[in-house]
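Student: Predicted model and sequence follow; I will ask about them next.
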Amino acid sequence: MEFELISTDSGSGARAGKITTAHGVIETPIFMPVGTVGSVKAVTQEQLRTNVQAQIILGNTYHLYLRPGLEVLSAAGGLHKFNGWDRPLLTDSGGYQVFSLAANRKIKEEGVVFQSHIDGSRHLFTPENVMDIQRTIGADIIMAFDECPPYPSEYRYARKSMELTHRWLDRCIKRFGETEPAYGYEQTLFPIIQGSTYKDLRVASAEFVASRNCAGNAIGGLSVGEPEQEMYDMCGLVCEQLPTDKPRYLMGVGTPWNILQNIALGVDMFDCVMPTRNGRNGMLFTWEGVINIKNKKWATDFSPIDANSTSAASRDYSKAYLRHLFVAGEFLALTLASIHNLSFYLELVTEARKQILAGTFATWKTKMVQQLQVRR
């Protein structure tokens with residue numbers, strides 16, 4: 001993997017760059033649709049390529065390990081061939097599932113023992129086997145195994161968790177260096193910075209991660225319930241510590257305005273289930289604000305879902321029609337809303353990149369953050 005930093009906005013920390021992987025080029029800043037089990041819910045891979053224009057999508061190690069399982073993925077030749085996605089892939093290590101399945105797991109030095117949410121069977125994730133699992137899945141970018149502490153966390157717990165994540169990282173790096181890609185193309189390891197919302201821990205974790213000199217770095221443990229300003233404070237602090245010549249990935253964030261604010265702090269990569277999950281529930285993000293398409297006010301609004309969008313799904317169907325599909329319980333509602341929201345997110349980061357290259361990002365961002373939050 002190679003990263004080229006092309007431009008930095010003079011009025012902020014926003015950056016435009018280019019990541020080159022074995023499966024293609026990613027122009028940053030970028031948003032990555034989440035395909036947890038190898039599928040972005042309600043959206044086909046062809047729709048992701050042509051309508052959404054996604055450059056990279058995610059898979060999740062925990063879920064793919066359980067279903068379809070490593071035997072199937074290996075026999076298929078990896079996730080790219082299994083799901084027909086020929087562009088870059090990133091896999092989350094399963095650390096967030098450790099956080100979200102708190103009632104069904106036990107954390108120890110060796111790793112995490114957890115119960116499957118599917119059948120209750122018991123499994124062990126260690127830094128070593130998580131590297132092996134992600135090698136088998138075949139993602140271009142794989143994540144180190146970490147513990148994501150809850151918010152709020154007591155300082156003592158947050159420090160202990162961070163130190164465990166650091167020890168696990170060294171084990172991940174060692175195992176990664178001892179193994180080869182399963183399918184003949186390069187894979188890249190990103191470590192994850194933790195530290196909850198404690199400034200000294202975040203700085204210490206960023207310094208530790210930067211010292212390991214990996215090809216890119218991720219910021220974890222944010223957007224887990226903390227106030228937005230605390231997220232921005234922690235992210236800005238971390239970006240100040242990280243090297244400028246490597247991509248920065250803020251995990252699991254977030255709303256369109258969250259993304260713009262964090263781009264301004266120097267983040268290059270984002271992912272979140274919000275555009276698809278909220279879309280399936282009738283919440284649409286548009287260039288003029290947020291819409292609950294189920295509201296009766298849209299029943300006779302025959303204007304496009306978003307006339308300012310470049311997406312056919314957003315321009316060719318009316319608000320009234322999409323509302324009708326939701327009210328009627330039609331599956332097409334889920335697909336159109338998901339494509340619309342994903343397209344909007346990709347359009348947003350594409351426009352952000354244009355503004356960075358033009359040197360106008362800071363002014364544009366201030367205007368857009370207010371506009372995007374309007375409830376229509």
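Tutor: Yep, that arrived. Bear in mind that the values here come from a model prediction, so they are computed numbers and not experimental data. Residues are numbered from 1 along each chain as shown.

Student: Tell me where the stretch 151-300 of the chain has helices.
Tutor: 155-178, 199-211, 228-241, 256-265, 274-280 (DSSP state H, counting those that start in this stretch).

Student: mind putting those helices in CSV, mean pLDDT and mean neighbour count included?
Tutor: For the C-beta atoms, the positions are set from N, CA and C on the backbone; glycine is no exception. Output for the helices of the stretch 151-300 of the chain, formatted as CSV (pLDDT from 0 to 100; neighbours: other Cβ atoms under 10 Å):
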stretch, mean pLDDT, mean neighbour count
helix 155-178, 98, 18
helix 199-211, 98, 19
helix 228-241, 98, 18
helix 256-265, 98, 24
helix 274-280, 98, 21
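
Student: Of those, give the one that comes closest to residue 29.
Tutor: In terms of Cβ to Cβ, the element of those nearest to residue 29 is helix 256-265, at 4.9 Å.

Student: hang on, the earlier thing: nearest to residue 355, out of the helices of the stretch 151-300 of the chain?
Tutor: Evaluated over the helices of the stretch 151-300 of the chain, closeness to residue 355 peaks at helix 256-265, with 9.6 Å, by Cβ to Cβ.

Student: send the alpha carbons of that closest one over as PDB?
Tutor: C-alpha atoms of helix 256-265 as PDB (Å, rounded to 0.1, in the frame of the first residue of the first chain):
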ATOM      1  CA  PRO A 256     -22.300  14.000   7.700                       C
ATOM      2  CA  TRP A 257     -21.400  16.900   9.900                       C
ATOM      3  CA  ASN A 258     -19.200  14.700  12.100                       C
ATOM      4  CA  ILE A 259     -17.300  13.700   9.000                       C
ATOM      5  CA  LEU A 260     -16.700  17.300   7.800                       C
ATOM      6  CA  GLN A 261     -15.600  18.400  11.300                       C
ATOM      7  CA  ASN A 262     -13.100  15.500  11.500                       C
ATOM      8  CA  ILE A 263     -11.800  16.000   8.000                       C
ATOM      9  CA  ALA A 264     -11.000  19.500   9.100                       C
ATOM     10  CA  LEU A 265      -8.900  18.000  11.900                       C
END
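
Student: which other helices and strands contact that helix?
Tutor: When contacts are defined as 3 or more Cβ pairs under 8 Å, 6 or more residues apart in numbering; DSSP states H and E, helix 256-265 sits against helix 228-241, helix 331-358, helix 361-372.

Student: re the thing from before, and the helices of the stretch 151-300 of the chain as a markdown table, adding distance to residue 354?
Tutor: Conversion of these to a markdown table gives the following (distance: least, Cβ to Cβ, whole Å):
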| stretch | distance to residue 354 |
| --- | --- |
| helix 155-178 | 36 |
| helix 199-211 | 29 |
| helix 228-241 | 21 |
| helix 256-265 | 12 |
| helix 274-280 | 20 |
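
Student: Any idea which of the ones you listed gets closest to residue 60?
Tutor: That would be helix 274-280 among the helices of the stretch 151-300 of the chain, by Cβ to Cβ, at 13.7 Å.
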